[in-house]
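Trainee: Dropping a prediction and its sequence here:
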Amino acid sequence: MTRHQLWGGGFSEGPSEVLRAFNDSYSFDRELFAEDVAGSLAWIESLRECGVLTAREQKELTRHLSAIAAEGAPAVASEEDVHSFVEARLFERAGPLAGKLHTGRSRNDQVATDFRLYLRGALDELLSDILSLAEAMASRARAEAATPMPGYTHLKRAEPVTAGHWLLAYVQMLLRDASRIDGARERGNECPLGAGALSGTPLAIDREGLARRLGFARASANSLDAVSDRDLAADYLYSATLLLVHLSRFAEDVIFFVTDECGFIRLPDALATGSSRMPHKKNPDLLELVRGHAGRALGDLTGFVAILKGLPLAYDKDLQLDKEPVFRVRRTLRAALPALSALVATLEFDRDRMRAAASTDRMLTTSLADAIAARGVPFREAHEIAGRRLAEAEKAGRTLKEMGPGEGVLAEDLASLTVERALSVRRSRGGTAPSEVKKAARGALSEIAKLRRKKS
């Protein structure tokens, strides 16, 4: 197949095979095929408005580009990139008229626009999937609002919380992730098309109208910045990486909770894997992959920002390397988030085991200290009394209640030694009291619904 190039008139020979092997990007930037056609269709309308195309020429080019869009992009092509591919197909269909399409436009503002259209779709998709996962977690949190479990610091059991409260901690992370996505989309909601190679287009293009035609809020304000700006891609990668960090923390929690040593959670068969050697194994591969992908995304983000850090204005070929990290991370999240939503909806809690682990004297000693302090004893003194009494009980092989009053502990203080009491008194905003957790879950579901309405 003959290679179609967008440049080369001043060259005495074409690019060598070794240059093509290193320089060509069609193998990955064909991902931008739909966006490239959409940008060209909008540009055709602008060319007609400013008199470069007649109405008949516009109609003809639009018809051929629409047919090309319906055909799709093959996995392999001889062209340098997807932009060359689309133009080559247009020449095959429309003949010399296809040469008018690129009037007043550069591949620089073309690719910047294609990528921004792609990122806008990626952000919308990511926000939708984040909200679905947050909704699944908030719904389970409401159902498990009063289910006791140990809370941890330093991976040591610390104080009782509820399963609902634990889930809502991740809902808050996801809502912050959603806010970052929403903010990134607004900041990046401007159209580079019409910026030309770097200095603007010589045509009388209505750039604001062109921006609206492509669904953008506004046209970019500076042509030098427009063709070299990749902040939206950086925002996407940062937001996606921090999201994956949050998901990795959730994965680590669940991996720990499903261990035989802990046993608070059982994975559904449909979302676990087995061992080729050990018939009894049920492995949390989904969660381990999420944890691993968080590390890879961090590498992608770091590499991407490193590419940007030394670039002079305006366009530089280094920016060809901006797309693959975004494509990779998007594919990962497109698979991971629905899988995690399904996992959250079907996790099985061993409530008896969780309650037992949350009800030990060690888990309730802080509640004893709080009860002593509530009588007016300075907390530091109450802390010493409760700690000393626990040590005595453990040495004697008895529970605190079996030890009874004494050594600064009154009978009324011992009434605090139930997991229900320990949970119910944490009624401050954001606390783990079941009543507060139910209210927080309802609030989170309301916030998720509001964000969905805003998105639509």
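Mentor: Cool, the structure landed. Residues are numbered from 1 along each chain as shown.
Trainee: When you work out contacts or count neighbours from here on, use the C-alpha atoms and nothing else.
Mentor: OK.
Trainee: Touching, residue 314 and residue 230? I think so.
Mentor: No - at 11.5 Å, residue 314 and residue 230 do not qualify as touching, with contact defined as Cα atoms under 8 Å.
Trainee: who has more neighbours, these two?
Mentor: Counted by other Cα atoms under 10 Å, residue 314 and residue 230 do not tie: residue 230 has more neighbours, with 19 against 16.
Trainee: quick one: contacts for the more buried one?
Mentor: Residues near residue 230 by Cα atoms under 8 Å, 6 or more residues apart in numbering: residue 322.
Trainee: how does it look with 6 Å?
Mentor: Contacts for residue 230 (Cα atoms under 6 Å, 6 or more residues apart in numbering) come out as none.
Trainee: Could you check how far it is from residue 69?
Mentor: From residue 230 across to residue 69, the span is 26 Å (Cα to Cα, to the nearest Å).
Trainee: before we move on, what about residue 28?
Mentor: From residue 28 to residue 69 the distance is 17 Å (Cα to Cα).
Trainee: now do residue 54
Mentor: Separation of residue 54 from residue 69 (Cα to Cα) stands at 22 Å.
Trainee: and the two? which has more neighbours close in?
Mentor: Legend: neighbour count by other Cα under 10 Å for residue 54 and residue 69, higher for residue 69 (17 against 13).
Trainee: tell me which element the more buried one falls in.
Mentor: Here residue 69 sits within helix 55-71, counting by DSSP states H and E.
Trainee: in whichever helix or strand comes after that helix, what counts as buried?
Mentor: Following helix 55-71 in sequence order, the next helix or strand is helix 82-94 (DSSP H and E). For helix 82-94, burial by neighbour count (16 or more other Cα atoms under 10 Å) applies to 82, 83, 84, 85, 86, 87, 88, 89, 90, 91, 93, 94.
Trainee: So what's the gap between helix 82-94 and the chain middle?
Mentor: The chain centroid and the centroid of helix 82-94 are separated by 35 Å, computed with Cα atoms, centre = their mean, to the nearest Å.
Trainee: same check, this time on stretch 16-26
Mentor: Its chain's C-alpha centre and that of stretch 16-26 lie 33 Å apart, by Cα atoms, centre = their mean.
Trainee: Stretch 241-249 now?
Mentor: Chain-centre distance of stretch 241-249: 8 Å, with Cα atoms, centre = their mean.
Trainee: now do stretch 259-267
Mentor: 27 Å.
Trainee: can you list contacts of it?
Mentor: The contact list for stretch 259-267 (Cα under 6 Å, 6+ apart) reads 257, 258, 347, 348, 349, 350, 354.
Trainee: List the buried residues in that stretch.
Mentor: Neighbour count says stretch 259-267 has 264, 265, 266, 267 buried, by 16+ other Cα under 10 Å.
Trainee: first to last residue in stretch 344-355, what's the distance?
Mentor: 20 Å.
Trainee: One more: stretch 335-355?
Mentor: Terminal residues of stretch 335-355 are spaced 34 Å apart (Cα to Cα).
Trainee: number of nearby residues for residue 311?
Mentor: When counting by other Cα under 10 Å, one arrives at 14 neighbours for residue 311.
Trainee: any idea how far it lies from residue 143?
Mentor: 52 Å.
Trainee: One more: residue 219?
Mentor: 47 Å.
Trainee: just residue 456 next, same as before
Mentor: 28 Å.
Trainee: Name the residue in those two with the higher neighbour count.
Mentor: Neighbours around residue 456 and residue 143, counted as other Cα under 10 Å, are more numerous at residue 143. The numbers are 15 against 7.
Trainee: and the more buried one, what does it touch?
Mentor: No contacts exist for residue 143 under Cα under 6 Å, 6+ apart.
Trainee: Look at it and report its pLDDT.
Mentor: Looking at residue 143, its pLDDT reads 98.
Trainee: just to revisit the earlier point, distance to residue 438 and pLDDT added to the buried residues of helix 82-94, as CSV?
Mentor: Putting these into CSV (distance: Cα to Cα, whole Å; pLDDT from 0 to 100) gives the following:
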residue, distance to residue 438, pLDDT
82, 52, 97
83, 53, 96
84, 57, 95
85, 56, 97
86, 54, 97
87, 58, 96
88, 60, 96
89, 58, 97
90, 59, 97
91, 63, 97
93, 62, 97
94, 63, 97
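Trainee: Check those residues against residue 128 and report the nearest one.
Mentor: Closest to residue 128 out of those is residue 82 (28.2 Å), distances taken as Cα to Cα.
Trainee: Just to check, that closest one is in contact with residue 24?
Mentor: No - counting by Cα atoms under 6 Å, residue 82 stays clear of residue 24, with 9.8 Å between them.
Trainee: How about the worst-scoring helix or strand of the chain on mean pLDDT, which residues are buried there?
Mentor: Within the chain, no helix or strand scores below helix 17-23, which has a mean of 84 by mean pLDDT, DSSP states H and E. Across helix 17-23, burial judged by 16+ other Cα under 10 Å covers no residue at all.
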